[in-house]
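J.: Could you look at this predicted model? Sequence included:
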Amino acid sequence: MNERGTGDAVLSCRNLGKCYEQGPESVAVLSGLNLELYPGQRVAIVGSSGSGKSTLLNLLGGLDTPSEGSVWLAGEELSALNEKARGLLRNRALGFVYQFHHLLAEFTALENVCMPLLIGTTPIAEAQRKASELLTRVGLGHRLEHKPSELSGGERQRVAIARALANSPALVLLDEPTGNLDQHTAQGIQELMLELSNSVRTAFLVVTHDPQLAAQMDMTLRLEGGRLVVA
């Protein structure tokens, strides 16, 4: 890897490792892990519980710092940035979708999707316009003023996906995005993700236990022994 990451990769990590101290011992969760994602690429990561998938997502999203190696997002090395700069980079280049939608209960769907745009200093009128367009695109143009408690599980997850895409990020990280949905709703979310990756060229990295979702990605990697291998 050169000093600006690797080529046009939106995400690049080399020899990534993470250890945790447990009493006098150091326990390695990840070790020597390598990964690259390119615009529009869809990658699934699978693995048993406790294999380090959540730890990996936290490192890739700049929410935790590696014990060794480096993570590059949109050409910037995360660990070389201070906390404020990392936050600005995450807002600009990264979206998150969780198993639990993490929407703000007191705000409407429109207001929730506006949040990343307003944090990024987008004018209110423009933020509302873009949020409305995104919600319409995910099939919720008629639910703009509804709060999360007034939406179904699938609708809340669609709002979360719209919010993750608000700033047209280079990469969206998804942690079990269909884990709490019924099969029909999960299928709709999967189809939406695939359509968006094709149309907006955002890369998607999804951690999932759902073999159907993993099978629709461009590549499936398994986390074993702290490293990623082709599944």
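T.: Sure thing, it's come through.

J.: While we're on residue 100, how confident is the model there?
T.: Listed pLDDT for residue 100 reads 68.

J.: mind listing the helices for the chain?
T.: Taking DSSP state H as the criterion, the chain contains helices spanning 53-60, 83-93, 109-119, 124-137, 153-164, 183-200, 211-215.

J.: deepest of those, which one?
T.: The highest average neighbour count among those, using mean count of other Cβ atoms under 10 Å, belongs to helix 153-164 at a mean of 24. For the C-beta atoms, the positions are set from N, CA and C on the backbone; glycine is no exception.

J.: roughly how far is that helix from the heart of the chain?
T.: The chain centre lies 13 Å from the centre of helix 153-164; the measure is Cα atoms, centre = their mean, to the nearest Å.

J.: what's the residue closest to the geometric middle of this structure?
T.: Relative to the mean C-alpha position of the chain, the nearest C-alpha, by Cα atoms, centre = their mean, is the one of residue 173, at 1.4 Å.

J.: Could I get the pLDDT score of that one?
T.: Looking at residue 173, its pLDDT is 92.

J.: so it sits right up against residue 59, yeah?
T.: No: using Cβ atoms under 8 Å as the test, residue 173 is too far from residue 59 to be in contact (10.6 Å).

J.: what comes up buried for stretch 140-156?
T.: Using 16 or more other Cβ atoms under 10 Å as the test for burial, stretch 140-156 gives 140, 143-144, 146-148, 151, 154-156.

J.: Throw those into CSV and include distance to residue 45, thanks.
T.: Below are those laid out as CSV (distance: Cβ to Cβ, whole Å):
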residue, distance to residue 45
140, 28
143, 31
144, 33
146, 33
147, 32
148, 27
151, 28
154, 23
155, 26
156, 23
